[in-house]
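Colleague: Return a 3D structure for these sequence lines:
(chains A and B)
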Amino acid sequence: MTEASLTHDFQYSNARHQAESAISGMWLFLASEVLFFGPLFLAWIYSRHWNQSGFDEGARQTDLMLGTVNTVILLTSSLAYSAGVAFIEAGNRRRLIQCCVIAWLLGAAFLVVKFGIEWRHDFSKGLFPGPEFAIVGPLRDGAQLFFVFYFLGTALHGLHMFVGLILVGWIIVRAREFSPGYYTPVSVVGLYWSFVDMVWIILYPLIYLVGRGP
Amino acid sequence: MSVTDLHTEKSYLTDGFTLRSWLLTTDHKRIALLYLGSITLFFFVGGLAAALIRYNLIVPEGMIGSAETYNKLFTMHGVVMVWFFLIPAIPVTLGNFLVPLMLGARDLAFPRLNLASWYLFVLAGIVALYSVVAGGVDTGWTFYTPLTSAYSKGHVVATVVAIFIAGFSSIATGLNFIITIHQLRAPGMTWYKMPVFLWSLYATSVILVLATPVLAMTLLLLAFERIFHIGVFDPAIGGDPLLFQHLFWFYSHPAVYVMILPGFGVISEIVPAFSSKTLFGYKFVVWASISIAVISFLVWGHHMFVAGTSLYSALVFSILSFMVAVPSAIKVFNWIGTMHNGFIRFDAPMLYAIGFIGLFTMGGLTGLFVAALAADVHLTQTYFVVAHFHYVMVGGMVSAFFAGLHFWWPKITGRLYPEMWGRAGAVIMFLGFNLTFFPQFLLGYLGMPRRYHSYPPEFQVLNVLSSAGATVLAVGYLLPLAYLTWSLLYGKRASANPWNATGLEWKTQSPPLTENFISTPVVTDPPYHYPRPEVAQHHD
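Modeller: Numbers count the residues shown, from 1 in each chain, chains lettered A, B, ... in the order given. Predicted structure coming up:
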């Protein structure tokens, strides 16, 4: 298909014009997402500053192994998706589909590990903040605050992952429409999928690494 | 043209008459009208609450028996007016209608997103109205913790959810405008040929996209704390209630400029059109808008001078707040410079615009009083602050909204409104506004605190004056509702350019076609290319 024959919405002069607009729209949306997560991280770091030992105690209760495995899973998922974008650019639709399926499965695996295994452990260990909170003593308050951030942060990230899975699934379903001349939705979803990784790259040290040492 | 021709004439209004053709439309002009209906409803809901507030304050002990009811009324007034009228008003109605037209485009960049934003807004509105009907909230529109997180018995979570959803509607609109302005300018429409209205909406959109998500997260943290009785603003476990104020005002102060910047844009269109002169200092007006948007992110701390923040941070925030006054003043000087030696026509839009300039100047200058540290200690939490921001928000923004609505009414509806009624409405609104809010400056200076349902008897005279003014103001608002509605059916047909204004929106028919332009316009003239008055007179 040549560029001129591609369809485009009536407000655009051509398909490339429309593609540019869609991609810049996603970038702008992600800028707004950065400012959505920004206050959470700011409040997290600020609260940690005032309750350092309590936060450290909280961090020690988290499962570093599961968190690290999940980080690897998520980054691999993004790698697979990016490979898919490169494949469709080169005209290989079958590889695009395979990559998206891998990305989708890894994303789903992340959610299973995070919520099916890790959260379940956390709840059974009594780590959800409230009267039943397991940690007692002088560090209780700070540790509870840590877990407020932990549960809210991972839940919001998980929600974004869930939306991402729907989007990647949508790309798989629509894959036969894409060609080297037209793969804008693949790029747009790719931006979002990578952004979800970026959020995790900040969450990972905040949850599992900072303050873990002796 | 015969009457039957007029009724069958092709335009976006006659392109489909079914309910479906409206509710599932992606035409930016129809979505603008959907929004216009919605915000009008909320304006009168918020206005009703305001009327009851002024009714209560007629007598010192309060006409409404319970302080709690009074608290709920002013909270409802604030929430509805801020998030369901002031913030969306100009962008989603006039902006939605005009951005593509002024750019020479056929629609916004993302028409379906535009429609989705309206549905989000409606959903948010329903949740907000639910929270009112279910019993309301008594915390004030600022939702300070720990009152909201631990003590209030009202429907805080429902209200917060409503604002959260409305926020995403705002983000969608802002995003759409920014991409549209970047991508869909007609051939020849360079950045410096764009009308200032577009620059203002661009600046507004930057704030909407970058500040609104901060509020969203802040409200989430608040809702979490209220639902689980434990959270990050709770000092009992090492959290910080001041953190809430920082985050809230990091959004809400820029949001103040979301409310006023589009108004600046409207006035910058009307003043040149009714002075038959080019806008004085176009680039200054443009960059004033952008610098207001930037500086607006750096002044939030001035809401917390008495909240126990450090003196040094307060000094910096005070200086930065003074800095916002500079670009605002540049605009006022430029509007006056535009009128100077102009051939001024005092039609209703211009009357509203002149009212705007006066009232906004009052509101802006009194802002400097409260931005000054020492004066703020005396004036904060008094009616002085209430009067100050109502001069900007109501005297400024609402006047600008009405100015723009009258100015573009012929374009939107294809009908002329009755000019004498329009002028009467503008004058009544101006007088009613001043009678309502000027006494509140005095009340505040004399020490009457805001948000109380009763007051010492010595304040009664000024309060009665203010309540009387509110009655006049209500007439000023109901009058346009009546004659504008009337004009839909009986108004004279409008030509393509009834005001002899410049701008691409006037180059297409009134009301425009669904596709806006028959062929894509090419821009060659600079903005506000009005002939010199003496030349125009010569032609006459």
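Colleague: residue ranges with poor pLDDT in the chain?
Modeller: Unless you meant another one, I'm taking chain A. For chain A, residues meeting the criterion pLDDT under 70 lie at A:1-5, A:214.
Colleague: Correction: the question concerned chain B.
Modeller: Checking chain B against pLDDT under 70 turns up B:1-8, B:532-540.
Colleague: ok, 90 please
Modeller: B:1-9, B:65, B:150, B:153, B:231, B:234-239, B:308-309, B:531-540 (pLDDT under 90).
Colleague: For B:Leu201, which residues are in contact?
Modeller: Residues in contact with B:Leu201 (Cβ atoms under 8 Å, 6 or more residues apart in numbering or on different chains) are B:91, B:95, B:99, B:177, B:181, B:261-262, B:265. Bear in mind the C-beta positions are built from the backbone N, C-alpha and C, glycine included.
Colleague: Just these: which are in helices?
Modeller: For the contacts of B:Leu201, the ones inside helices are B:99, B:177, B:181, B:261-262, B:265, with DSSP state H as the criterion.
Colleague: From the residues you listed, list the buried ones, please.
Modeller: When the ones in helices among the contacts of B:Leu201 are checked for burial by 16 or more other Cβ atoms under 10 Å in any protein chain shown, the buried set is B:99, B:177, B:181, B:261-262, B:265.
Colleague: got TSV for those residues, with distance to chain A too?
Modeller: Supplementary listing: these in TSV, determined by distance: Cβ to the nearest Cβ, whole Å:
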residue	distance to chain A
B:Val99	11
B:Phe177	10
B:Ile181	11
B:Leu261	18
B:Pro262	19
B:Gly265	20
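Colleague: Near chain B, which residues of chain A are found?
Modeller: Residues of chain A found near chain B (Cβ under 8 Å from any Cβ of the partner chain) are A:9-12, A:17, A:20-21, A:24-25, A:28-29, A:31-33, A:35-40, A:42-43, A:46-47, A:50-51, A:54, A:129-130, A:141-142, A:144-145, A:148-149, A:152, A:156.
Colleague: Restricted to buried residues, select those in PyMOL.
Modeller: Isolation of the buried members of these (16+ other Cβ under 10 Å) is achieved in PyMOL through the command below:
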select buried, chain A and resi 9+11+12+17+20+21+24+25+28+29+31+32+33+35+36+37+38+39+40+42+43+46+47+51+54+129+141+142+144+145+148+149+152+156
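Colleague: what about A:Phe36, which SS state?
Modeller: Reduced to three states with DSSP: H, G, I helix; E, B strand; the rest coil, the structure at A:Phe36 is helix.
Colleague: so who does the closest residue to it other than its chain neighbours touch?
Modeller: Beyond its immediate neighbours in the sequence, the residue positioned closest to A:Phe36 (Cβ to Cβ, 6 or more residues apart in numbering or on different chains) is B:Pro213, lying 3.6 Å away. B:Pro213 is in contact with A:32-33, A:35-36, A:38, B:167, B:171, counting by Cβ under 8 Å, 6+ apart.
Colleague: Tell me the one of those nearest B:Val137?
Modeller: Closest to B:Val137 out of those is B:Gly167 (17.1 Å), distances taken as Cβ to Cβ.
Colleague: so how far is chain A from that closest one?
Modeller: When Cβ to the nearest Cβ, to the nearest Å is the yardstick, B:Gly167 and chain A sit 10 Å from each other.
Colleague: One more: B:Pro100?
Modeller: When distances are taken as Cβ to the nearest Cβ, B:Pro100 and chain A turn out to be 7 Å apart.
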